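In: Give me coordinates for this.
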Amino acid sequence: MRYILLLIALSSFFTAFSQTSDIKYTREWGRYFRIPEGTAVDNEGNFWVILSADQSYTYTFLTPDAHQSVYGGGESDVFIAKFSPSGELLYGSFFGGEGDESIVSISAKNGKVYIAGVTSSSQQIATTGSYQENLLQNIDPNGNPYNPQAGFLACFNTNGQLQWSTYFQGNRTAILWEVAGDDNAVYVWGMTRSDDLATVGAFRENIPPPFLNGQGLYEAAFYPILAKFNNMGQLMWCTYYGPDINQSTNYSILADGGMALDPLGNIYVGGRSNDTEGYYGTPGAHQTTYAGGNTDAFLSKFSSSGQRLWSTYYGGSGIESHLFVHIGRDFNFYLSGRTTSPNNIATVGAYQVNLVSENNSFVAKFNPQGQRLWGTYFDIGGLSFSNPCFADVNGYVFLSGHVQNDSGIATPDSWQENYGGDGDSFVAKFDPMGSNLLWGSYYGGSNIDYCWGEGLVPTLDNGFYISGISSSSTNIASPEGEGSWGMGGFIAKFVPCPTPVMPTAESPQDFQPGESLADLEVETQDWTGSEPILTWYADAAGTQVLPPETAVEPGTTYYVSQRIQGCDESELVAITVQNLGILENDFSNISLFPNPNNGIFTLKGLPESPLKMRVVDILGRNIQVFPERIFSSDFQISLIGMETGIYFLELRDENAKQVFRFVVE
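Out: Sure, this is the predicted structure:
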């Protein structure tokens, strides 16, 4: 009965965040940031970012309440940041000691924020009374000491205050790649060479001793490891997870597929292996044996007490890599990644049934019992790949990654239909059966922009966050965030498109000879993610589009709509124009040169009176708006990074207006 009530409550909660098939998405905000490695959304909708920061990292994002306001040392520290749902920086702090911290993951759940990774620091890591307070000296299988490398696990509250932190190391080494928390516990998933970490009664308590390698030295194999800590940071259980690795088997096993928790406390882990004994395939599973190639993916389910419930391979005769495991809000489970296999990947009726190029992305859906419901290829071309995915309560699947060519994944009228160049991020939405691509968009400028790490997570209001690497100066940040270009990475929030709103404008409007549609006064919708786009028409039916530079004629009625980028167009507003005549003004001596230019030009002969000034593109979107003031007679304007095209400079005082047309080459 308790199980049924829990499912009913969870179903009611998730229904509030359901999607439909015809939703379009637009950017609510975007900003440059250092390269995120892990991201999470807490129960209040705040967006958490974690990354490895080197000594060149600026202190721009530190906040007064930071846990650690000074860089600890070594080649890298952890940096953790919190943004509000509207994109405001709420918290920023270092975490690290005199050594190096790297390979970081983050999880936010019910008032707690967990981070995990790898450290070689002996200071500023563990708290008093934690499971392991001190960094240990590691000894290799031949008895030689070497630089210690320990996993670490830390718990913060949502205000950024450290609650506890511990090393997790063993006698050789441990690497923590993933962390996931629930109401009462936190889990870590990684790799280790240590043979003293597993607890009594674990699924696998022991691993084989080190074996001789080709150089006559003893070598300890790396094994996947799964552990559970309580919410006070004490170890509850730990298990190794893999077949025997020795000189004769020499299996290749990696725990790089991620980890997810379901609402009942079960743990799902993913990775890849080339073992030939079927260790990762349980009876009745979808795929019980390794299919060939270099590695197959595996997906396994453990109970909250650390016992394996089922496990399946997933792969064909090629290679499966760049894996990601996710539990959907529909209670099913998803595995995404990259494959070169022409078999065992896609199901009949899937969006893409056959392997198209050497490196195809894939996504597969499983039920809680480990049976595959569907699988599809997703050809994005070249060496590009997809990775993070999630699914909403209705089973709509969102997949992200990056592309290195114009692969045609964008759907009509999406946020960004055209490939930016050199490498773009992308987001794609599939129906619950995996048979149709419902929405797809690029996200990038003219340089390299890659979705990176855990770079796609759902918001609490039907949207998603995307993050990654960026070297583009355009198409990444929303207007208020453009000035921070050069940080190396980006974060952006997308939401379902709002209901279209008509622009507002007075009618009739006066004009002067030589003015164009772009000179008419139109008030657009206030939207932080992008400038609203105006479209002009000659007819009320909206069939005859007019360029914004069209010269207006007296007594004529024009029609204008607006839309937010990626969203539907509003209804039309009618504006009738009437000739105001030539007003006396002192604009006659103003000149703009050079023209054409590269975005840098000078205005000569400006009057000594207050002026309003703005630069707009051919769609009427503001490129730069200058506050009203008295400008110097010779005023230089520098618009760095402008794309080639036609632009307009508008000057206005209380009596008159002048528009200059210029070209950027």
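In: all strands of the stretch 51-200 of the chain, in order?
Out: When secondary structure is read from DSSP state E, counting those that start in this stretch, the stretch 51-200 of the chain shows strands at 77-83, 89-95, 101-109, 112-119, 138-139, 145-146, 150-157, 162-168, 174-181, 185-192.
In: Starting from the last one, tell me which strands it pairs with and how they run.
Out: What that stands for is strand 185-192. strand 174-181 (antiparallel), strand 223-230 (antiparallel) (DSSP bridges).
In: Quick check: what element follows that strand along the chain?
Out: The C-terminal neighbour of strand 185-192 among helices and strands, as given by DSSP states H and E, is strand 211-212.
In: Show the model's pLDDT score for G87.
Out: G87 carries a pLDDT score of 93 in this model.
In: Likewise for T644?
Out: pLDDT, read off for T644, is 86.
In: hang on, S248 in a helix?
Out: No. Using DSSP: H, G, I helix; E, B strand; the rest coil, the secondary structure at S248 is coil, not a helix.
In: How many residues are close by it?
Out: By other CB atoms under 10 Å, 7 other residues sit near S248. No exception for glycine: its C-beta is placed from N, CA and C like everyone else's.
In: To Q624, which of the strands paired with strand 185-192 lies closest?
Out: Closest of the strands paired with strand 185-192 to Q624 is strand 174-181, at 43.4 Å (criterion: CB to CB).
In: Would you format the strands paired with strand 185-192 as a markdown table with distance to W527 and mean neighbour count included?
Out: Formatted as a markdown table, the strands paired with strand 185-192 follow (distance: least, CB to CB, whole Å; neighbours: other CB atoms under 10 Å):
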| stretch | distance to W527 | mean neighbour count |
| --- | --- | --- |
| strand 174-181 | 35 | 24 |
| strand 223-230 | 44 | 24 |
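In: And those: which comes nearest G453?
Out: Nearest to G453, of all these, is strand 174-181, at 10.9 Å by CB to CB.
In: can you give me the mean pLDDT across the closest one?
Out: 95.
In: right, and N344 touches Q287 too?
Out: Yes. If you go by CB atoms under 8 Å, N344 and Q287 touch, sitting 6.9 Å apart.
In: what's the helix or strand for N589?
Out: Per DSSP H and E: nothing holds N589, as it lies in no helix or strand.
In: Show the contacting residues for the closest residue to P224 other than its chain neighbours.
Out: Once flanking residues are discounted, P224 sits nearest to A255: 3.7 Å by CB to CB, 6 or more residues apart in numbering. Neighbour list for A255: W177, W189, G190, M191, P224, I225, Y241, V269, G271 [criterion: CB atoms under 8 Å, 6 or more residues apart in numbering].
In: cool, S407 as well?
Out: S407 makes contact with D379, I380, G381, S384, Y419, according to CB under 8 Å, 6+ apart.
In: Run a quick neighbour tally on the residue lying closest to L235 once chain neighbours are set aside.
Out: Among residues not flanking L235 along the chain, Y131 sits closest, at 5.1 Å (CB to CB, 6+ apart). The number of residues packed near Y131 is 19, by other CB under 10 Å.
In: Could you do G111 as well?
Out: 12.
In: And the helices in the stretch 301-450 of the chain?
Out: Counting by DSSP state H, counting those that start in this stretch, the stretch 301-450 of the chain yields no residue ranges for helices.
In: Over to A518. Which of the three states is it?
Out: Under three-state DSSP, A518 comes out as helix.
In: Make residue 1 into 46 and carry on from there
Out: Right, with 46 as the first residue, what we last looked at is A563.
In: any idea how far it is from V661?
Out: From A563 across to V661, the span is 6 Å (CB to CB, to the nearest Å).
In: intersection of neighbour lists for those two?
Out: Taking CB under 8 Å, 6+ apart as the criterion, A563 and V661 both touch P593, F693, E695.
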